[in-house]
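In: Show me the folded form of this:
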Amino acid sequence: MKIIIVGGVAGGASAAARARRLSENAEILLIERGNYVSFANCGLPYYVGNEIQQREKLIVTQPQRLRDRFRIDVRTRSNVIQIKPNEKRIVVKDLASGNDYEESYDKLILSPGASPILPAFEGNDASGIFTLRTLEDVDKIRSLVDGGISSAMVVGAGFIGLEMVENLVRRGVTTTLVQLGDQILAALDPEMTTPLLYALKRHGVQLVLKQTVASARNSSSGGLEVRLTDDTLFQSDLLLLGVGVKPESKLARDAGLEIGSRGGIVTNAFMQTSNADIYAVGDVTEVEDFVSKGRTQIPLAGPANRQGRLAADHVFGSQASYRGTQGTAIVRLFDCVAATTGANERSLQKSGTPYEKVYVHPANHATYYPGAQPMAIKLLFSPTDGLILGAQMVGGEGVDKRIDVIAVAMQARMKVFNLEEVELAYSPQFGSAKDPINMVGFVAANVLRRSHPVIHVPEMMHASEQRPMILDVRTEEEFQAGHIPNAIHIPVDVLRDRLHELPKGQPIVTYCQVGQRGYIAARILVQNGFQVRNLSGGYKTFRLFYPE
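Out: Residues are numbered from 1 along each chain as shown. Purely as a prediction, here's the structure:
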């Protein structure tokens, strides 16, 4: 059998190595148009920031290693320019000589990836404007930073944009972040980005929302003159465009393969395209969304690796299938960590999926042990059976551990009731006897059992019917330090003695700092005949929606 793999990096290199492990007799040809078949794309921003100091650390596998260890015919600087499905042949251009030649195949695996989107603005070809995808890109950017530039502008506040902001600031570069939308990190719901906004402000990053670049030109004094769509003018030594990527699917489109609405190659659960002998893996594909079961295009390294492995498995007869992508991702922005898995509210609303949500604000480990750090957790789940639909977390240490637990729980089709009983490693420097995962499970399960009626900040602040009385049950010191407008104050410890001060004919919303005392107060009031709901996540959640 002859297998040709087009493109390396995560998906293609994984497919090639897996194919060889499954068959010593197969002829395996890996064609890559660049100089490197496998390098760490996700590490590029950290090489700019000098956290990764040695460039060679970014190179995962050298072509010669694949030749020697796996007997794979690796051809770099070679570009596949045509697929002939009926003949089961491809046309390759040798970029060194400029000559074209053809190769036959029995099975073809496409892994060309995705390319950065270059916005169409006047002067987008000026010097000093970059995207970040390859080692050649990062070499040019790092050269400028090493040369002592003083300012940079990053356009696009997704994962790569935020990572580049952090690493440019790390190198002493004054950085402006520009985002066309009205929030950063669109994978999260807007309120969950508030801690990231604080982090940007603490580190001197100027954030410009609802704008993008209108024009750019090289100035006579050096660097760039960048004009935004609101006519604001910036001087910058470097302009990095990180507004997103698009699947490199032209080769497949020209070959008549099915292309989805997002521009990616449509694949089935075995990573086969509309042509059974042609597979596609990685950022170029449209796959099934794990939650909605619709089509999605999520460019992440983990799914690409698994898809490459599964494609090779299927070539050799395995019926193992891809379970779909749930978009588990994490980013560090200075001292703040944000992570997500599964659906967010926006995607659930778009698909018409019913959901409930809760917020909790636990510490990453026992608070009596020094160094405990707070985190905010938002859990989305089915209002009928408690099936977990998604989660978002923002904090410091421990966010990575908890998002991974939720991600695995989702893969196992677990429900919020299961989170109550999850047994996790506990020692005071690592967690709590009631882990944050247990806590969010307790709260969500209580909501479904109707023992904990909750209300959320937008609903409370924009009540369309009778305006609820807002009852702050924290201490006097906490209340004076800041409270929700128009709230009345009765500490939970004296609430039973002051029930006569509350109206039974008006809805009441209780709240505390993070939700626990508000829940206790709600239980007291419910059992005394009051109409009451507790504000999910308390005052801390209110401040996510209404930052100070």
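
In: and residue 71, what does it touch?
Out: The contact partners of residue 71, taken as C-beta atoms under 8 Å, 6 or more residues apart in numbering, are 20, 28. C-beta here means a position set from N, CA and C on the backbone, and glycine is covered the same way.

In: quick one: it from residue 16, how far?
Out: As defined by C-beta to C-beta, to the nearest Å, residue 71 lies at a distance of 11 Å from residue 16.

In: hmm, who's touching the strand or helix carrying residue 279?
Out: Element membership for residue 279 (DSSP states H and E) is strand 278-280. Strand 278-280 has contacts (C-beta under 8 Å, 6+ apart) with 15, 83, 85, 107-111, 252, 255, 257, 265, 267, 270-273, 311, 314-315.

In: any common contacting residues for residue 71 and residue 16?
Out: Counting by C-beta under 8 Å, 6+ apart, the residues touching both residue 71 and residue 16 are residue 28.

In: Check which residues of stretch 445-465 are buried.
Out: 445-448, 452-457, 460 (16 or more other C-beta atoms under 10 Å).

In: which residues does the residue nearest to residue 173 when sequence neighbours are not counted contact?
Out: Leaving aside its sequence neighbours, residue 173 sits nearest to residue 152 (C-beta to C-beta, 6 or more residues apart in numbering; 4.9 Å). Contact analysis of residue 152 by C-beta under 8 Å, 6+ apart lists 168, 173-176, 236-240.

In: Which of the residues you listed fall within strands?
Out: Of the positions in these, 174-176, 236, 239-240 sit in strands, assigned by DSSP state E.

In: and which of those is nearest to residue 211?
Out: Of all the ones in strands among the contacts of residue 152, residue 176 has the smallest distance to residue 211: 10.5 Å, by C-beta to C-beta.

In: circling back to that earlier point, let's have the contacts of residue 152 in CSV, adding distance to residue 301, pLDDT and neighbour count.
Out: Below are those laid out as CSV (distance: C-beta to C-beta, whole Å; pLDDT from 0 to 100; neighbours: other C-beta atoms under 10 Å):
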residue, distance to residue 301, pLDDT, neighbour count
168, 22, 98, 26
173, 26, 97, 21
174, 31, 97, 16
175, 25, 98, 26
176, 28, 98, 19
236, 30, 96, 24
237, 30, 96, 19
238, 25, 96, 23
239, 26, 97, 24
240, 20, 97, 26
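
In: Save the residues you listed as CSV, and put in distance to residue 338 too.
Out: Compiled in CSV, the contacts of residue 152 are given as follows (distance: C-beta to C-beta, whole Å):
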residue, distance to residue 338
168, 19
173, 22
174, 23
175, 18
176, 20
236, 26
237, 28
238, 25
239, 25
240, 20
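
In: So what's the residue count around residue 304?
Out: As a burial measure, residue 304 scores 27 neighbours (other C-beta atoms under 10 Å).

In: Apologies, that question was intended for residue 259.
Out: Applying other C-beta under 10 Å, we find 18 residues neighbouring residue 259.

In: So it is in contact with residue 274, correct?
Out: No: look at residue 259 against residue 274 with C-beta atoms under 8 Å: they stay out of range, at 9.2 Å.

In: Residues that sit against both of those two, list them.
Out: Common neighbours of residue 259 and residue 274 (criterion: C-beta under 8 Å, 6+ apart): residue 266.

In: now the helices: where do they sit in the stretch 151-300 of the chain?
Out: For the stretch 151-300 of the chain, applying DSSP state H, counting those that start in this stretch gives helices covering 159-170, 194-202, 250-254.

In: most neighbours per residue, which of these?
Out: Per residue and on average, the most neighbours among those fall to helix 159-170, with a mean of 24 (mean count of other C-beta atoms under 10 Å).

In: which outside residues touch that one?
Out: By C-beta under 8 Å, 6+ apart, the surrounding residues in contact with helix 159-170 are 45-46, 48-51, 132, 145, 152, 154-155, 175, 177, 179, 184-185, 187, 196, 200, 203-205, 240, 242, 329, 331-334.

In: which one of the contacts of residue 152 is nearest residue 210?
Out: residue 176 (14.4 Å).

In: Which strand residues bridge the closest one?
Out: Residue 176 forms beta bridges with residue 153, residue 206, as assigned by DSSP bridges.

In: Which residues are in contact with it?
Out: 151-154, 205-208, 234, 236.

In: count of neighbours near the spatially closest residue to residue 110 that is not a sequence neighbour?
Out: Excluding the flanking residues, the one nearest residue 110 by C-beta to C-beta, 6+ apart is residue 280, at 4.4 Å. Residues lying near residue 280 (other C-beta under 10 Å) number 31.

In: what do you get for residue 345?
Out: Neighbours of residue 345 under the rule other C-beta under 10 Å: 19.

In: backbone phi and psi for the residue lying closest to it once chain neighbours are set aside, please?
Out: Distances taken as C-beta to C-beta, 6+ apart place residue 189 nearest to residue 345, at 5.0 Å, with adjacent residues excluded. When read as degrees, to the nearest 10, the backbone of residue 189 gives phi -70, psi 150.

In: From residue 157, how far off is residue 189?
Out: Taking C-beta to C-beta, one finds residue 189 at 15 Å from residue 157.

In: between these two, which one's more packed in?
Out: Neighbour count, other C-beta under 10 Å: between residue 189 and residue 157, residue 157 has more, with 27 against 20.

In: was I right about that one contacting residue 188?
Out: No: using C-beta under 8 Å as the test, residue 157 is too far from residue 188 to be in contact (10.9 Å).

In: Ok, which of the helices of the stretch 151-300 of the chain comes nearest residue 532?
Out: Comparing these by C-beta to C-beta, helix 194-202 comes nearest, at 26.9 Å.
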